[in-house]
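Engineer: Give me coordinates for this.
(one chain, ligands or ions: 1)
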Amino acid sequence: MVLKKDGHSLGSKQEKSHNEDSSLKEFKNLDNKNEIESQLLEVSKGDDNENGFLDFGFNQSILNSLKNKGYKNPTPIQKAAIPELMLGRDLLGQAQTGTGKTAAFALPLIEKLTDNKELNAKVLVMTPTRELATQVAESFKSYSSESSNFKTVAIYGGTDYRNQISALKRKVDVVVGTPGRIMDHIRQGTFKIKGINCLVLDEADEMLNMGFLEDIEWIIDQLPENKQMVLFSATMPNEIRNIAKKYLNDPAEILIKSVKKETQLISQKFLYVQRHHKLDALKRILELNNEGVIIFVRTKLLTTSIAEALESTGHTVAVLNGDIPQNQRENTVDRLKKGFIDILVATDVAARGLDVDRIKLVVNYDFPFDKETYTHRIGRTGRAGRSGEAILFVNQREKHFLRNLENATRTKIEEINIPSNKIINEKRMEKLIENVNESSLAKEENEENKALIIDVLDNLKEKHSMDDSNIAMAAINLVIGNKTFFVNEDDSWINKQNNNDRNKSNRNGNNRMRNSNRRNNYQNDSFETYKFNFGKFDGVRVANIISSICNSTNINGRSIGKIQIFNDYSLVDLPRDLHRETKNKLKKIKVRN
Ligand code: AMP
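Structural biologist: Residues are numbered from 1 along each chain as shown. Modelled structure (predicted):
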């Protein structure tokens with residue numbers, strides 16, 4: 001939806017009233033509609049001569065900084081939110097990162113604070129994490145880079161107070177911070193809040209998930225009563241609606257429907273496998289899923305050797321590598337699309353941009369070089385709105401790459417085991433039964449074959465004196481063929497390998513052992529995940545977290561499940577249904593002070 005305003009400019013000093021300007025009605029209609037389809041930012045860039053920001057009535061300094069940043073047109077959330085915020089209205093917005101929501105609230109607030117001469121901050125933005133606080137503060141700084149004497153200060157935990165205190169002593173327009181540190185500065189009197197006339201809660205649902213509700217309410221209670229309130233949240237659970245009801249005054253409501261990222265439809269998994277077992281592991285994986293598979297390997301040589309190995313076990317396989325001429329490549333892709341080939345073994349370059357809907361599984365046989373390569377590879381499945389699976393092979397040396405990859409892609413990649421004989425045999429059995437059953441259904445549809453089959457049956461019964469069950473057994477035997485039906489190779493290496501790997505990583509201080517425990521925990525559903533706002537940046541380690549939890553609550557170390565430490569937060573699995581008092585204690589725990 002493109003909104004055009006008829007050259008009318010909304011002045012920055014407008015009263016907090018509902019202007020009946022025609023262009024505003026358009027926005028109000030939008031507001032009534034309450035839903036805006038998210039567009040990718042690229043879509044809104046427009047051509048070089050356009051400047052869709054002119055109509056908001058921003059001063060020249062802001063327009064200049066937007067020009068410097070290369071923004072040409074506002075994103076949908078900016079189109080909807082900026083006029084409301086310029087009027088001083090409260091706002092409740094449902095939007096995710098990537099929609100341009102930061103500029104949506106930062107630009108009108110900067111506009112309002114142009115020429116602000118007061119020493120103490122006027123705007124407070126609260127964010128759940130230190131990372132987001134830094135990011136939002138950086139955005140404010142860049143959008144106000146052409147406005148003279150405009151100051152933004154970020155205050156968050158895990159860093160020295162002194163710099164923050166001295167920054168707060170000087171002239172400040174906007175403070176961006178995380179709840180804990182904001183509270184500390186308010187309590188210490190180092191953050192003067194009497195002048196705050198606007199509060200923004202960014203990623204409110206995340207703040208709630210992290211147990212900040214009480215802190216947020218405490219902070220709101222300290223702030224002057226008469227203030228503009230802006231609340232952004234990626235989701236809108238009842239708790240957020242309740243906060244909005246309690247604190248927001250007749251807010252404009254905006255919902256930006258997010259476009260599901262393709263990778264969200266892909267279930268991402270990894271398995272531990274030592275180098276010399278990789279091919280075995282691959283064959284076992286393909287036992288469970290062999291229709292529409294791409295296997296990514298690092299070298300051309302490997303594409304052919306793996307394809308040959310798979311072909312010898314009866315799969316229909318083709319190769320895609322840099323040596324394959326373009327026309328042959330097109331032919332291969334076409335055959336894959338039509339189902340003449342089920343498996344493709346490819347190098348990264350050769351498979352660039354490959355778009356085949358029926359790809360159900362991507363195997364990262366060799367670890368990808370970087371995040372981009374990984375994202376590209378797994379994006380070959382989960383296409384056209386279908387779901388897909390991606391499996392990453394990880395060896396001993398690649399373990400820390402796996403953690404890096406999870407952090408860089410901000411996704412949790414789930415650990416799975418290499419399928420054992422038992423699993424494979426169950427699958428084979430299931431398939432056999434399915435085939436026989438399907439074949440009996442198909443028979444109903446083909447009258448000609450049906451007559452033929454009845455003839456054969458009569459013949460077997462009369463001439464060979466076979467009864468129904470003998471005939472059925474013989475027919476199934478025919479389907480099985482003369483190969484050994486069940487796998488009975490030694491598969492003890494699978495277990496040994498998994499256990500070894502977990503133990504090793506545990507010795508390394510990694511939390512893989514906890515991960516394997518956690519899988520069981522999840523199976524009996526007795527755990528839930530808590531998010532804490534300390535992480536690698538704060539120098540926190542697994543042991544610190546365990547000791548803090550045990551020391552501050554009555555939770556026993558052995559009942560703590562998986563612990564994952566990210567840059568600025570940690571996820572900890574703790575027993576479900578903890579007592580309220582314990583939960584309150586958890587909210588206050590400190591790690592390494
Ligand atoms: P956000 O959702 O606020 O995290 O913004 C996502 C990204 O979009 C950031 O990199 C912004 O710099 C960028 N961005 C925000 N608004 C615009 C715009 N109107 N045109 C182009 N890029 C934008």
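
Engineer: So which residues of the stretch 351-500 of the chain form helices?
Structural biologist: Using DSSP state H, counting those that start in this stretch, the helices of the stretch 351-500 of the chain run over residues 371-378, 399-409, 421-445, 447-464, 468-480, 492-507.

Engineer: so who does Asp215 touch?
Structural biologist: 179-180, 183 (CB atoms under 8 Å, 6 or more residues apart in numbering). From N, CA and C alone the C-beta is placed, and that goes for glycine too.

Engineer: mind listing which of those residues are in strands?
Structural biologist: Among the contacts of Asp215, no member falls in strands (DSSP state E).

Engineer: Please identify, among these, the one with the most neighbours.
Structural biologist: Among the contacts of Asp215, Pro179 has the most neighbours (other CB atoms under 10 Å), with 24 neighbours.

Engineer: so how far is Ser548 from that one?
Structural biologist: 19 Å (CB to CB, to the nearest Å).

Engineer: in the chain, what spans have low per-residue confidence?
Structural biologist: 1-50, 98, 257-264, 384-385, 441-445, 496-526, 557-558, 593 (pLDDT under 70).

Engineer: Could you list the domains of it?
Structural biologist: 75-257, 264-420, 423-480, 523-588 (automatic domain parsing).

Engineer: out of those, nearest to Glu489?
Structural biologist: Smallest distance to Glu489 across those (CB to CB): 8.5 Å, for domain 264-420.

Engineer: related to what we said a few turns ago, which one of the domains of the chain lies closest to the ligand?
Structural biologist: Closest approach to the ligand among the domains of the chain (CB to the nearest ligand atom): domain 75-257, 3.2 Å.

Engineer: dump the residue contacts of the nearest residue to Asn425 once chain neighbours are set aside.
Structural biologist: Nearest in space to Asn425, with sequence neighbours left out and distances taken as CB to CB, 6 or more residues apart in numbering, is Phe486 at 4.7 Å. For Phe486, the contact set (CB under 8 Å, 6+ apart) comprises 421, 425, 428.

Engineer: What number of neighbouring residues does the first one come out with?
Structural biologist: Other residues near Asn421 number 16, with proximity taken as other CB under 10 Å.

Engineer: That one contacts Trp493, correct?
Structural biologist: No - here Asn421 does not reach Trp493: they are 11.4 Å apart, not a contact under CB atoms under 8 Å.

Engineer: right, and Ala104 touches Gln78 too?
Structural biologist: Yes - in this structure Ala104 lies within contact range of Gln78 using CB under 8 Å: 4.6 Å.

Engineer: The two: which has the busier surroundings?
Structural biologist: Ala104 (27 against 24).

Engineer: list the contacts for that one?
Structural biologist: 75, 77-78, 80-82, 85, 93, 95.

Engineer: quick one: it is in a helix?
Structural biologist: Yes - checked against DSSP: H, G, I helix; E, B strand; the rest coil, Ala104 lies within a helix.

Engineer: Could I get the full set of strands for the stretch 201-350 of the chain?
Structural biologist: 228-233, 252-257, 266-272, 293-296, 317-320, 343-346 (DSSP state E, counting those that start in this stretch).

Engineer: Please identify the pairing partners of the second one and their relative orientation?
Structural biologist: Taking DSSP bridges as the criterion, strand 252-257 pairs within the sheet with strand 35-37 (parallel), strand 91-94 (parallel).

Engineer: before we move on, what about the third one?
Structural biologist: According to DSSP bridges, strand 266-272 has the following sheet partners: strand 388-394 (parallel), strand 414-415 (parallel).

Engineer: next one: the first one
Structural biologist: Paired neighbours of strand 228-233 in the sheet (DSSP bridges): strand 91-94 (parallel), strand 198-201 (parallel).

Engineer: so can I have CSV of those showing distance to Glu398?
Structural biologist: Below are these laid out as CSV (distance: least, CB to CB, whole Å):
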stretch, distance to Glu398
strand 91-94, 39
strand 198-201, 40
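
Engineer: Arrange those strands in a markdown table, one row each, with distance to Glu406 and mean neighbour count as further columns.
Structural biologist: As requested, the strands paired with strand 228-233 are arranged in a markdown table below (distance: least, CB to CB, whole Å; neighbours: other CB atoms under 10 Å):
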| stretch | distance to Glu406 | mean neighbour count |
| --- | --- | --- |
| strand 91-94 | 27 | 24 |
| strand 198-201 | 28 | 24 |
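
Engineer: need the ones you listed in JSON lines with distance to the ligand, can you?
Structural biologist: What follows is those, written out as JSON lines (distance: least, CB to the nearest ligand atom, whole Å):
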{"stretch": "strand 91-94", "distance to the ligand": "11"}
{"stretch": "strand 198-201", "distance to the ligand": "12"}
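
Engineer: out of those strands, which comes closest to Glu131?
Structural biologist: strand 198-201 (16.6 Å).

Engineer: who's in contact with the closest one?
Structural biologist: Under CB under 8 Å, 6+ apart, the answer for strand 198-201 is 105, 109, 112, 122-126, 207, 216, 220, 223, 227-233, 243.

Engineer: Likewise for stretch 415-434?
Structural biologist: 269-273, 277, 280-281, 284-285, 287-288, 391, 476, 479-480, 485-489, 491, 494-495, 497-498, 515-516, 519.

Engineer: let's go with 7 Å and repeat that
Structural biologist: Outside stretch 415-434, the residues within contact range by CB atoms under 7 Å, 6 or more residues apart in numbering are 269-271, 273, 281, 284-285, 287-288, 479-480, 485-488, 491, 494, 498, 515.

Engineer: The most centrally placed residue in the chain: what's its closest spatial neighbour, skipping adjacent residues?
Structural biologist: Most central in the chain under CA atoms, centre = their mean is Thr411, positioned 5.1 Å from the mean C-alpha point. Closest residue in space to Thr411, ignoring its immediate chain neighbours: Gln268 at 6.0 Å, by CB to CB, 6+ apart.

Engineer: Tell me who's in contact with Met210.
Structural biologist: Met210 makes contact with 128, 531, 533, according to CB under 7 Å, 6+ apart.

Engineer: could you measure it against Thr529, distance?
Structural biologist: Going from Met210 to Thr529 by CB to CB gives 11 Å.

Engineer: do the same with Asn435
Structural biologist: From Asn435 across to Thr529, the span is 41 Å (CB to CB).

Engineer: and what of Ala252?
Structural biologist: For Ala252, the distance to Thr529 - CB to CB - is 34 Å.

Engineer: Which one of the two is surrounded by more residues?
Structural biologist: Applying other CB under 10 Å to Ala252 and Thr529 shows that Ala252 carries more neighbours, namely 23 against 14.

Engineer: I figured Ile546 hits Ile560, correct?
Structural biologist: Yes - Ile546 sits in contact with Ile560 when judged by CB atoms under 7 Å, with a separation of 5.9 Å.

Engineer: Could you tell me which residues of the stretch 51-200 of the chain lie near the ligand?
Structural biologist: 71, 73-75, 78, 97-103 (CB under 6 Å from any ligand atom).

Engineer: Only the buried members of those residues: can you turn that into a ChimeraX selection?
Structural biologist: ChimeraX command restricting these to the buried ones, with burial defined by 16 or more other CB atoms under 10 Å:
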select :71,73,74,75,78,99,100,101,102,103
